[in-house]
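Novice: Predicted model, plus sequence, below.
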Amino acid sequence: MAGPVIVPRNFVLLDELEKGEKGIGDGSVSYGLADGTDMTLTNWNGMIVGPGGCGLEGRIISLVISCGQEYPDKPPSVRFVSRVNLNFVDQRTGQVDNRGVAVIAQWNRSYNLEQLLQALRREMCSSANRRQPQPPDGSTFS
């Protein structure tokens, strides 16, 4: 009896690239390769429109995402470029603490970059983050 088919990393990422280029969902998140010539499909840029009802409402928030060689079996590394004050983000570097975001902490290969960005967006309005004072719009992590 044959086991489940495991889709190779590059095929998964090529599918994500195609979806990202076509535009996804309601436009509240987007993503694409940081460098169109990156044949390893490792480095990505992400964007989240700050959700209503929190200090980031309407802001364009930039992130960098790195899909390592073990992706999609292991979650990508995520770092905010735009400075945000959220309980799951290292305030010195912008790095996301994987334990602070359920979709990353419980990652499995069925998850994708869109789901990751949507989860980060939802977390921005969680009770722990909704009322956090935010840095000025346009400020970035060094």
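Specialist: Received, thanks. Residues are numbered from 1 along each chain as shown.

Novice: Count residues in the vicinity of residue 80, would you?
Specialist: Counted with other CB atoms under 10 Å, the neighbours of residue 80 add up to 22. Using the backbone N, CA and C atoms, a C-beta is placed for each residue, glycine as well.

Novice: what's the neighbour count on the closest residue in space to it that isn't next to it in sequence?
Specialist: What sits nearest to residue 80 in space, not counting adjacent residues and going by CB to CB, 6 or more residues apart in numbering, is residue 94, at 3.9 Å. Here the number of neighbours of residue 94 (other CB under 10 Å) works out to 21.

Novice: give the contact list for residue 94.
Specialist: 79, 80, 81, 83, 84, 141 (CB atoms under 8 Å, 6 or more residues apart in numbering).

Novice: Let me see the confidence value for the third one.
Specialist: I take that to be residue 81. According to the per-residue confidence, residue 81 scores 98 in pLDDT.

Novice: which one is it nearest to, not counting chain neighbours?
Specialist: That would be residue 62: by CB to CB, 6+ apart, it lies 4.1 Å from residue 81.

Novice: can you give me the strands for the chain?
Specialist: For the chain, the strands defined by DSSP state E cover 29-33, 43-49, 60-66, 77-80.

Novice: Give me the helices and strands touching the third one, please.
Specialist: For strand 60-66, the contact count by 3 or more CB pairs under 8 Å, 6 or more residues apart in numbering; DSSP states H and E identifies strand 43-49, strand 77-80, helix 113-124 as packing neighbours.

Novice: picking up where we left off before, just the contacts of residue 94 now: which is nearest residue 53?
Specialist: Using CB to CB, residue 84 is the member of the contacts of residue 94 that lies nearest residue 53, at 15.3 Å.

Novice: count of neighbours near the closest one?
Specialist: By other CB under 10 Å, 25 other residues sit near residue 84.

Novice: Any idea how many residues pack against the closest residue to residue 71 other than its chain neighbours?
Specialist: Using CB to CB, 6+ apart and skipping residues adjacent in sequence, the residue nearest residue 71 is residue 9, 5.9 Å away. Close neighbours of residue 9, defined as other CB under 10 Å, add up to 19.

Novice: what residues are up against residue 9?
Specialist: Residues near residue 9 by CB under 8 Å, 6+ apart: 41, 67, 69, 70, 71, 72.
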